[in-house]
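K.L.:
just the structure for this:
(one chain, ligands or ions: 1)
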Amino acid sequence: MRALTKITASLLGAGAVAAAGALAYARWVERLRIEVRRMSAEVDAPGLPADGLRILHMSDMHFAGKGQIERWKIEHTLNLLAGEEIDLLLVTGDLIHDDGGLPAALELLARLPQPRLGAYACLGNHDYASYSWLGPARVAWREAEPGQELRDASVRTFEMMTRVFRNDKLYLGQEHNDISVLKRALAKQGVTVLDNSSVRVTDGDTDVWLAGVDDLMEGTPDIDAALADAPPYDSGALRILLFHNPDHMLDERLHGFDLAFGGHVHGGQVLIPLLGALHTQGTHIPRRRTHGWFMYGRTQTYIGRGLGEGVRLRFNCRPEVALLEITPSTLDRQPLAVATSHPRVATNGTGAQPARAG
Ligand SMILES: [Fe+2]
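P.N.:
Presented below is the predicted three-dimensional model:
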């Protein structure tokens, strides 16, 4: 009996040590193991030059005022990307975790290899608001009837925790960031914010149309406005969409792009073997396939793992930046399945289907 107790105690002790080690690794090691994902894709668009385009996609940097690891990430990222030639820099939101992270975000953007055809961004929920796990309890406490503060705060906290385990959307909004300061700073840095708007970039035989939609949770998305200046399909312009939250792509009006880029899910951050991601931000993205390439209508869509974190943990899900080389398709140009001069009509409405594993 005594031997059994000893074995049980040893197993529990070993389990506790392993759990503590995994937590320490997730908190302080994997978050710094940044990966540059190098990929190539073929796109059929006459506006794509014969020698292709190199796109750097970054998302969800989540720079915070006191985030020392995030500061270290700047140097790691710059080392990894030193000397790269980039045509387009695309940033899909959550540049900051809170207002205090703005200088770090700007520093990274300023020191990156500068893109030949410019830098473009859309906004994410964290660009608008900083969140706190105690936020819902604080709000409930503030709004409670006198004497009911503790009960209401506890109920709200329990409800939020059940949302975590159900993989449901979380609403933790507490403080609003100064979005106008962020927008002005990005403009000064030379980053064009596509905030329900678009821009057409031409240079020699290059013709690229980029559109961006505002964030689903904290912004005011207006897809019609984002598509208002869409060039006709027969212009041959390469059509690129920027969004933050993948749930945007459930709207068929966005299925007529050649390429789309997004983030928000952070790859799930903590990936458990067999189970997959602990949490996917309540989006339609499946737990076991939280990043990589997806197909929405005719739009090849890349959803990145992001460079930063909301909850400061990563396990089995390294932070990343993505370098994508796109080249003209070697296949004959296919006529669109649905004749249209406006991307609001999807060329097929099959919804989200994996294109290839990320
Ligand atoms: Fe994020």
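K.L.:
show me what from the stretch 51-200 of the chain comes close to the ion.
P.N.:
Counting by Cβ under 5 Å from the ion, the positions of the stretch 51-200 of the chain adjacent to the ion are 60, 94. Bear in mind the C-beta positions are built from the backbone N, C-alpha and C, glycine included.
K.L.:
quick one, strands of the stretch 51-200 of the chain?
P.N.:
Along the stretch 51-200 of the chain, counting by DSSP state E, counting those that start in this stretch, strands occupy 53-58, 88-92, 119-122, 129-131, 173-176, 191-193, 197-203.
K.L.:
possible to save the ones you listed as JSON lines with distance to Arg2 and mean pLDDT?
P.N.:
Converted to JSON lines, those look like this (distance: least, Cβ to Cβ, whole Å; pLDDT from 0 to 100):
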{"stretch": "strand 53-58", "distance to Arg2": "58", "mean pLDDT": "98"}
{"stretch": "strand 88-92", "distance to Arg2": "59", "mean pLDDT": "98"}
{"stretch": "strand 119-122", "distance to Arg2": "64", "mean pLDDT": "98"}
{"stretch": "strand 129-131", "distance to Arg2": "50", "mean pLDDT": "86"}
{"stretch": "strand 173-176", "distance to Arg2": "52", "mean pLDDT": "72"}
{"stretch": "strand 191-193", "distance to Arg2": "67", "mean pLDDT": "98"}
{"stretch": "strand 197-203", "distance to Arg2": "73", "mean pLDDT": "97"}
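K.L.:
how about JSON lines for the ones you listed, with distance to Gly267 added?
P.N.:
Below are the strands of the stretch 51-200 of the chain laid out as JSON lines (distance: least, Cβ to Cβ, whole Å):
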{"stretch": "strand 53-58", "distance to Gly267": "13"}
{"stretch": "strand 88-92", "distance to Gly267": "13"}
{"stretch": "strand 119-122", "distance to Gly267": "19"}
{"stretch": "strand 129-131", "distance to Gly267": "19"}
{"stretch": "strand 173-176", "distance to Gly267": "23"}
{"stretch": "strand 191-193", "distance to Gly267": "24"}
{"stretch": "strand 197-203", "distance to Gly267": "28"}
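K.L.:
to Ile285, which of those lies closest?
P.N.:
Nearest to Ile285 among these is strand 88-92; the distance by Cβ to Cβ comes to 14.0 Å.
K.L.:
buried set for the closest one?
P.N.:
88-92 (16 or more other Cβ atoms under 10 Å).
K.L.:
can you pull the contacts of Ile303?
P.N.:
246, 261-265, 285, 290-292, 294, 358 (Cβ atoms under 8 Å, 6 or more residues apart in numbering).
K.L.:
what's the separation between Val164 and the ion?
P.N.:
16 Å (Cβ to the ion, to the nearest Å).
K.L.:
for Arg253, see how far away the closest residue to that residue other than its chain neighbours is.
P.N.:
Distances taken as Cβ to Cβ, 6 or more residues apart in numbering put His279 closest to Val164, at 6.2 Å, once the chain neighbours are dropped. Remark: distance between His279 and Arg253 (Cβ to Cβ, to the nearest Å) = 28 Å.
K.L.:
just Leu106 next, same as before
P.N.:
Distance from Leu106 to Arg253, by Cβ to Cβ: 33 Å.
K.L.:
now Tyr296
P.N.:
Remark: distance between Tyr296 and Arg253 (Cβ to Cβ) = 11 Å.
K.L.:
show me the two of the buried residues of strand 88-92 that sit farthest apart.
P.N.:
The span of those, defined through Cβ to Cβ, is set by Leu88 and Thr92 at 12.5 Å.
K.L.:
can you pull out the strands in the stretch 201-350 of the chain?
P.N.:
Remark: strands assigned in the stretch 201-350 of the chain by DSSP E, counting those that start in this stretch are 206-212, 238-242, 259-262, 271-272, 276-277, 292-296, 299-303, 320-328.
K.L.:
find the residue at the geometric middle of this protein.
P.N.:
Most central in the chain under Cα atoms, centre = their mean is Gly263, positioned 1.5 Å from the mean C-alpha point.
K.L.:
pretty sure that residue contacts Leu90?
P.N.:
No. Counting by Cβ atoms under 8 Å, Gly263 does not reach Leu90; the two are 10.4 Å apart.
K.L.:
residue contacts, the nearest residue to Asn316 once chain neighbours are set aside?
P.N.:
Of all residues not flanking Asn316 in the chain, Leu271 sits nearest, at 4.0 Å (Cβ to Cβ, 6+ apart). Contacts of Leu271 were listed using Cβ under 8 Å, 6+ apart, and they are 277-278, 290, 315-317.
K.L.:
again, 6 Å this time
P.N.:
Contact partners of Leu271, counting by Cβ atoms under 6 Å, 6 or more residues apart in numbering, are 277, 316-317.
K.L.:
now Leu238
P.N.:
45, 47-48, 208, 258.
K.L.:
next up, the contacts around Asn141.
P.N.:
Heads up, residue 141 is Trp, not Asn. Trp141 neighbours (Cβ under 6 Å, 6+ apart): 149, 153.
K.L.:
ok, now with 7 Å
P.N.:
Trp141 sits next to 149, 152-153 when contact means Cβ atoms under 7 Å, 6 or more residues apart in numbering.
K.L.:
quick one: buried ones out of those?
P.N.:
By 16+ other Cβ under 10 Å, the contacts of Trp141 give 152-153 as buried.
K.L.:
can I get the contacts of Trp141 in a markdown table including pLDDT and distance to Asn167?
P.N.:
Formatted as a markdown table, the contacts of Trp141 follow (pLDDT from 0 to 100; distance: Cβ to Cβ, whole Å):
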| residue | pLDDT | distance to Asn167 |
| --- | --- | --- |
| Glu149 | 89 | 29 |
| Asp152 | 88 | 25 |
| Ala153 | 86 | 24 |
